[in-house]
Structures are given as structure tokens and as C-alpha cells.
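Undergrad: Just a sequence and a predicted model for now, questions to come.
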Amino acid sequence: MCLIALAWRMHPRYRLALATNRDEFHARPTLPLAAWHDAPEVVGGRDGQHGGSWLALRGRRLAAVTNVRRPPEREGHSRGALVADFVRADAGTHEALAALAAEAPRYRPFNLLAHDGDTLGFATNLPTIPADGEDGRDFAMRPLAPGLHGISNGALDAPWPKTETLIARLDDWLASPASTDAKPDFEPLFAALADTTPAQDARLPDTGIGLDLERFLSPAFIRHENYGTRASSVVLIADDHALIVERRFGPGGVFEGETRVVV
């Protein structure tokens, strides 16, 4: 995942509402949203290279991950394994995240969301910008307070333009009839996730990759032949069920299909 906006305990029906885009190289093998063959109770997209995931659910248990952008690229375990490990397990959010503390520096830089059905937590292994020449990997975790939150490839709730815009669109959706109908209308959220408007230079973050790449990566939806938005997803978790909808895209942003699963 490279962009997540979420509303935690703000809606009368859905304790968690989440809208997210996954950006990745188009050549990287990927499996679409489905039940996993080796864990049929888990649903999510899957990385065909390492077997992990960027977003997955088991019932109302959910995990999602983004990378943290700060060159040079740091090697380590695949962060998608964090998602797969959490949704397969039974430990509570706090217990599961606390157990990561010793191993977290061995993973590639990550931001991790974890929801055990009742509590929602956040963890990262790159909590501060490292000094030149330092790796900087450490560990930090916190429970999330009720409200709106956003994550991209920097700190939790960092005011990146695309994150702030998606949070605002999610907030509008929550207050609209589209979110309260028996069959919610997700089109406003998918329209927000499909926004290709680049941010103004003055509002761009500085993650150490240079101005041209910051511009390229600044829209919610990235359209390119080699690297771009591969999946847009909306997740709603109620007291008695969870719903996930995934739309997939190929090179150049070409639509490749949609899957909807209720668990």
C-alpha cells in the first residue's frame, strides 16, 4: 500500500472504514483479491513473489502495510509478511504489535495497521528520519484514537497533499447518504482514489528522492507503463461482518477487474 485513509469509530454502522491504493511495479506478480488457497479463511490480494499481502482480512481482523520512503533503499524481510502473519494469528492488536519490537529492524521499512476486531493499532520500524549514513530502523507503536487518519509513505498522519485530500473525501462520504444506505455507494471513494491530480510543488514532501519523483508520486492514482497504482480498495468493518471491494489496474492505469467479498 502506498496510500491509506481511514475512519475509526466515526460511523453508526461501520467501526472501521478504509480507502486505499496499492502502488507497485506492474511487472511484479500479483494475485487478485480472493480467499487464500493455504488459508481459506483469509481474503486479500497477494504478492506472487514473496507470498505476503498489502491488505488482508480474516473475518473482522485486518492488516495493511505501506512502505516508508527514505533512500537509500534498505534491504530486509518482505513487509507483506507482517500482514499475512497478523491476519492468520489470534493475538490481540497490542500483543501482536509489541511482539514485533525485536524483529522489526530486520524488515524493510514499514508502516503497519492492525485491527483485531475490537482495537486498531499502528506500528513502524522507521519512526524518525535517519541521519546521513545511518540506517535508522527502530520500532514504535501506538493505538489509534477514534477519528480520521491517513498514511502514505511517511509518518502516520503526515500532511501529504494526497493523504489530506483522500481523508477529506472519506469524511464527506461518511456524512453522505452514500454511506448509510443498505447497499453503500462506493463510487465517491473510488473516484477519490482515482484522482490523478499532482500536488503543487510547494506542498510536496521531501523524502530524499528529488523533485521530479516527488511530483510523479504525488497523485492518489499513479498512471504509468512501468510503475503505478495496481489496486484500489474499500473496506468496511461492521459489528457482524466485513466487506472489501478491490479494483485492479494494469500498465497505463487500464482497468482489469473488480472483486467484492463479504466475510
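TA: Perfect, I can see it now.

Undergrad: Alpha carbons only: can I get stretch 255-262 in CSV?
TA: Extracted in CSV, the C-alpha atoms of stretch 255-262 (Å, rounded to 0.1, in the frame of the first residue of the first chain):
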residue,chain,number,x,y,z
PHE,A,255,-8.9,-1.2,-15.6
GLU,A,256,-8.6,-5.0,-15.3
GLY,A,257,-11.4,-6.1,-13.0
GLU,A,258,-13.3,-5.8,-9.7
THR,A,259,-13.9,-8.2,-6.9
ARG,A,260,-16.2,-7.9,-3.9
VAL,A,261,-16.2,-10.1,-0.9
VAL,A,262,-18.3,-10.2,2.3
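
Undergrad: Strands of the stretch 1-150 of the chain, start to end?
TA: Assignment of strands within the stretch 1-150 of the chain using DSSP state E, counting those that start in this stretch yields the ranges 3-8, 14-25, 30-36, 39-47, 55-58, 61-67, 110-115, 120-124, 140-143, 147-151.

Undergrad: mind giving me JSON lines with those strands and columns for distance to Asn226?
TA: Heads up, the C-betas are built off the backbone N, CA and C, glycines and all. Output for the strands of the stretch 1-150 of the chain, formatted as JSON lines (distance: least, Cβ to Cβ, whole Å):
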{"stretch": "strand 3-8", "distance to Asn226": "19"}
{"stretch": "strand 14-25", "distance to Asn226": "6"}
{"stretch": "strand 30-36", "distance to Asn226": "15"}
{"stretch": "strand 39-47", "distance to Asn226": "18"}
{"stretch": "strand 55-58", "distance to Asn226": "22"}
{"stretch": "strand 61-67", "distance to Asn226": "17"}
{"stretch": "strand 110-115", "distance to Asn226": "23"}
{"stretch": "strand 120-124", "distance to Asn226": "28"}
{"stretch": "strand 140-143", "distance to Asn226": "33"}
{"stretch": "strand 147-151", "distance to Asn226": "24"}
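
Undergrad: a markdown table please, covering the ones you listed and showing mean pLDDT, mean neighbour count and distance to Tyr227.
TA: Shown next, in a markdown table, are the strands of the stretch 1-150 of the chain (pLDDT from 0 to 100; neighbours: other Cβ atoms under 10 Å; distance: least, Cβ to Cβ, whole Å):
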| stretch | mean pLDDT | mean neighbour count | distance to Tyr227 |
| --- | --- | --- | --- |
| strand 3-8 | 98 | 26 | 14 |
| strand 14-25 | 98 | 23 | 5 |
| strand 30-36 | 97 | 17 | 13 |
| strand 39-47 | 97 | 20 | 15 |
| strand 55-58 | 98 | 25 | 19 |
| strand 61-67 | 98 | 25 | 13 |
| strand 110-115 | 98 | 26 | 19 |
| strand 120-124 | 98 | 22 | 23 |
| strand 140-143 | 97 | 15 | 29 |
| strand 147-151 | 98 | 20 | 20 |
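
Undergrad: And the ones you listed: which comes nearest Ala231?
TA: strand 14-25 (4.5 Å; Cβ to Cβ).

Undergrad: Okay, now the sheet partners of that closest one, with direction.
TA: With DSSP bridges as the test, strand 14-25 is paired with strand 3-8 (antiparallel), strand 227-238 (antiparallel).
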